[in-house]
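Peer 1: Sharing a model that was predicted from the sequence below.
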Amino acid sequence: MDPYRIILADDHVILRQGMKALITETAGLEVVGEAGDGYQLLRLLDEVQADMAIIDISMAGLQGIETTRVIRKKYPHLIVMILTMHKNKEFLYHAISVGARGYLLKEDSDIELFSAIEAVRKGAIYVSKLLADELSEDLPRLIKGRRNPSSDLLSERETEVLKLVAEGKTTREIGELLFISPRTVENHRAHIQKKLDLSNTAELVRYAFQKGISVPTL
């Protein structure tokens, strides 16, 4: 039987090496690639066939939530498991809502990694036991997607703009990155604030972090 192929994406090299060592010691599993951020991962997926990507939620460049969103559109067969230090249920919800099948805390990864891999391979959604216990009442509702977060009101381009605002980019920098004019950036920002009923940059940044649209780089 062919090995189950896994790609690791984390900007901490030592953590990637530790995960790789654990995985390669297990029969039937193989690490077929490593990436330091979301952009590297997406380029790698054009070259390497994989069954699963284990992605850190906090990476420089394209972060884990947005990387997952892109993967689910471009590679719908690929299973994504989020690896994170964040215990915030908003991050968990947002990860599940964009298509992640697992949400594994780094502090639990040495104990729960293989249980998580096996669970998502069989079609289940896996959440670290610590979070699953804390969110026992909310978890079924979150996984079934019964909530309707206000972030769903944003278009894909507005989400991109909001993410860059939260990263501290100026209007000019956002325009250059997205190949749009500064005036268009300002129009998008105004629409975002109106849709979300937010009035300033601090509120936009807080909202982006709470919803997992952007995550502070650790």
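Peer 2: Great, that's in hand.
Peer 1: Would you tell me which helix is longest in this structure?
Peer 2: helix 182-196 (DSSP state H).
Peer 1: Tell me the buried residues in it?
Peer 2: When neighbours are counted by 16 or more other Cβ atoms under 10 Å, the buried residues of helix 182-196 are found to be 184-185, 188-189, 191-193, 196. Any C-beta I mention is one placed from the backbone N, CA and C, and that applies to glycine too.
Peer 1: For it, what does the pLDDT average out to?
Peer 2: Model confidence over helix 182-196 averages 93 on the pLDDT scale.
Peer 1: One more: stretch 83-95?
Peer 2: Per-residue confidence for stretch 83-95 averages out to 81 on the pLDDT scale.
Peer 1: Give me the buried positions along it.
Peer 2: Per 16+ other Cβ under 10 Å, stretch 83-95 contains these buried residues: 83-84, 86, 89, 91-95.
Peer 1: Not counting stretch 59-78 itself, show me its contacts.
Peer 2: 9-11, 36-42, 45, 50-53, 55-58, 80, 82, 84, 91, 94-95, 98-100, 163, 212-215, 217 (Cβ atoms under 8 Å, 6 or more residues apart in numbering).
Peer 1: Okay, and the most centrally placed residue in the chain sits in which element?
Peer 2: Centrality entry for the chain: nearest residue to the mean C-alpha point is Ile65, 2.3 Å, by Cα atoms, centre = their mean. Under the assignment given by DSSP states H and E, the secondary-structure element containing Ile65 is helix 64-74.
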